[in-house]
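Chemist: Quick one, what's the 3D model for this:
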Amino acid sequence: MISELPIARISIGLRHRRDLGDVAVLADSIRDLGLLQPIGIDADNRLIFGHRRLEACRSLGWTSIPVRVIDAPALLAEHDENEIRKDFTHSERVAIGKEVEAFLGDRRKFNADGGPRHTGTIQENFPESKAGQQTRDVAAKVAGFGNGKTYQQAKQVVEKGTPELVQAMDTGDVFISAAATLATLPPQEQTSALSSGREATLERVRQAREAKAAEVVSLANRIKRERKDVSRAARESEAALAAESVPAISDRYRIIHGGCEQALSLDAGSVDWIVTDPPYPKEHLPLFDALGEIAAHVLRPGGALLVMVGQFHLPEIIRKLEMHLSYHWTMAYLTPGGQSPQIFPRRVNTFWKPVICFAKGEYAGPWIGEPTGAKAIISCREDWGSVWEHLGLVPLRREIAMWIGRQHPA
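Modeler: Have a look, this model is predicted:
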């Protein structure tokens, strides 16, 4: 029989448990849930079991507490209360947590004052989820899990694991986190991992975690590639629109777009500028011998060749072009979007590309401004002269520019 007794009338006496642990945590639980189990006393109001509960209630300011009178020697009763009882298994705690989650979800049916919106009444001493607190964390606390993550892992084992895996978690043969990893595998693989011994089980857990990590990395890389593709498509679209707005002939310049064959058909000394972006791999290096010959043929004296190149074979490219033209300068083109190509053979991350300038004889063009970037190409919306302006090259007379490549310089 359970009755209410003033705390002041309970005598504690000699106790065999000296360390009461974290009474504050227990007090929080009692404040949220109420006292789920009364303490035990003998006929003389001497405490038999429930010392921690008594102190927790005292700290909450309770003046009385539910008690049960026990007709048993105090020593034996204290021992049985603390040693012979059976704790809940992990799967049983999951069941408790689910009940709490369902109840907290049902609370949406009630008004703020606790009255029912339709039917039903609020149970007393049941936990309230505080502002910013997740339901799973409240359920984990009530069910006896350390945190919401552990509760979610145990719940995954109960929901997706085989009966053998759930039992292994309950008995402690497999930790909750490891069991949650195994629960992601097909049932036959779960059974196989558990039947092969502890070391084999741990190895299968490690493999499953590595596979999951690789899957996450692969997904992240795919998202990154897709974002790059979208960004590249946007840039290409912008460049295409810019190209349409660039007239081939104006009162300041004439653009000739073509390949090397067309360049050889031009009159000698008829071009002021050549702008090109040849392929970078080593097998294309012979192109620079032909480019040097063509530039020396079609450029006017003092005219210039601008070539965007990679850094890897830069010395060889310069040597080949110097056989036909005079080296003038190397401009820094900053790659768009802060991209950093990785040159693995040289272990280098680079944020720029060289644009080398060679002249026919002594350079006679305008001042050069650098570094430059994508706007030098993309922003030529009004006329070709805006390209020179972004490069710091402001034409002072009518000039002829040739673009050698597969597409217009926009």
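Chemist: Could you count how many residues lie near the closest residue to residue 308 other than its chain neighbours?
Modeler: Nearest non-adjacent residue to residue 308, counting by CB to CB, 6 or more residues apart in numbering: residue 277, 4.3 Å away. For every residue, glycine as well, the C-beta is placed using N, CA and C. Residue 277: 19 surrounding residues under other CB atoms under 10 Å.
Chemist: The one 4 residues further on too?
Modeler: Burial of residue 281 is recorded as 9 neighbouring residues (other CB under 10 Å).
Chemist: Same question for residue 301.
Modeler: Counted with other CB under 10 Å, the neighbours of residue 301 add up to 10.
Chemist: now do residue 352
Modeler: 17.
Chemist: Can you pull the phi/psi pair for the residue nearest to residue 308?
Modeler: The phi and psi values for residue 277, taken as degrees, to the nearest 10, are phi -140, psi 80.
Chemist: cool, and residue 328?
Modeler: Per-residue torsions, residue 328: phi -120, psi -50 (degrees, to the nearest 10).
Chemist: Now do the contacts for it.
Modeler: Residue 328 is in contact with 304, 357, 358, 359, 363, counting by CB atoms under 8 Å, 6 or more residues apart in numbering.
Chemist: Could you name the specific helix or strand carrying residue 290?
Modeler: Assigned by DSSP states H and E, residue 290 belongs to helix 287-298.
Chemist: Which segments of the protein make up each domain?
Modeler: Here the domain assignment for the chain is 2-84, 90-211, 245-404, based on automatic domain parsing.
Chemist: mind listing the strands in the chain by residue range?
Modeler: 2-6, 39-41, 47-49, 64-69, 253-258, 271-276, 299-308, 326-334, 342-343, 348-349, 352-359, 399-404 (DSSP state E).
Chemist: just so I know, which of these lies nearest residue 226?
Modeler: Minimum separation from residue 226 across the strands of the chain (CB to CB) falls at strand 342-343, 19.6 Å.
Chemist: rewinding a little: for the contacts of residue 328, give me JSON lines that also has neighbour count, distance to residue 141 and pLDDT.
Modeler: Formatted as JSON lines, the contacts of residue 328 follow (neighbours: other CB atoms under 10 Å; distance: CB to CB, whole Å; pLDDT from 0 to 100):
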{"residue": "304", "neighbour count": "25", "distance to residue 141": "75", "pLDDT": "94"}
{"residue": "357", "neighbour count": "23", "distance to residue 141": "70", "pLDDT": "95"}
{"residue": "358", "neighbour count": "25", "distance to residue 141": "74", "pLDDT": "97"}
{"residue": "359", "neighbour count": "20", "distance to residue 141": "77", "pLDDT": "97"}
{"residue": "363", "neighbour count": "17", "distance to residue 141": "77", "pLDDT": "94"}
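Chemist: closest one to residue 282 among the strands of the chain?
Modeler: Of those, the one closest to residue 282 (CB to CB) turns out to be strand 342-343, at 13.3 Å.
Chemist: And the contacts of that closest one?
Modeler: With CB under 8 Å, 6+ apart, strand 342-343 has contacts from 311, 312, 348, 349, 350.
Chemist: returning to that earlier point: tell me which residues of the helix holding residue 290 are tucked away?
Modeler: 287, 288, 291, 292, 293, 294, 295, 296, 297, 298 (16 or more other CB atoms under 10 Å).
Chemist: Who are the contact partners of residue 3?
Modeler: Residues near residue 3 by CB under 8 Å, 6+ apart: 66, 67, 68, 69.
Chemist: Excluding chain neighbours, give the residue nearest to the second one in space.
Modeler: With sequence-adjacent residues excluded and distances taken as CB to CB, 6+ apart, residue 67 is closest to residue 5, at 4.6 Å.
Chemist: just the third one next, same as before
Modeler: Counting by CB to CB, 6+ apart, the nearest residue to residue 68 once its immediate chain neighbours are dropped is residue 38, at 4.9 Å.
Chemist: Which member of the contacts of strand 342-343 is positioned nearest residue 169?
Modeler: For the contacts of strand 342-343, the nearest to residue 169 is residue 349 (46.0 Å; CB to CB).
Chemist: What confidence value was assigned to that closest one?
Modeler: Residue 349 carries a pLDDT value of 88.
Chemist: The one 4 residues further on too?
Modeler: The predicted local distance difference test score for residue 353 is 89.
Chemist: What is the neighbour count of it?
Modeler: Residue 353: 17 surrounding residues under other CB under 10 Å.
Chemist: Would you mind confirming that it makes contact with residue 340?
Modeler: No - using CB atoms under 8 Å, residue 353 is not in contact with residue 340; the gap is 11.8 Å.
Chemist: For the protein, which residues score under the pLDDT cut-off?
Modeler: 15-18, 71-86, 105-133, 239, 242-253, 336-339, 373-410 (pLDDT under 70).
Chemist: Would you mind finding the longest helix in it?
Modeler: helix 198-244 (DSSP state H).
Chemist: Roughly how far does residue 33 sit from residue 67?
Modeler: 18 Å (CB to CB, to the nearest Å).
Chemist: Same question for residue 191.
Modeler: Distance, residue 191 to residue 67, using CB to CB: 50 Å.
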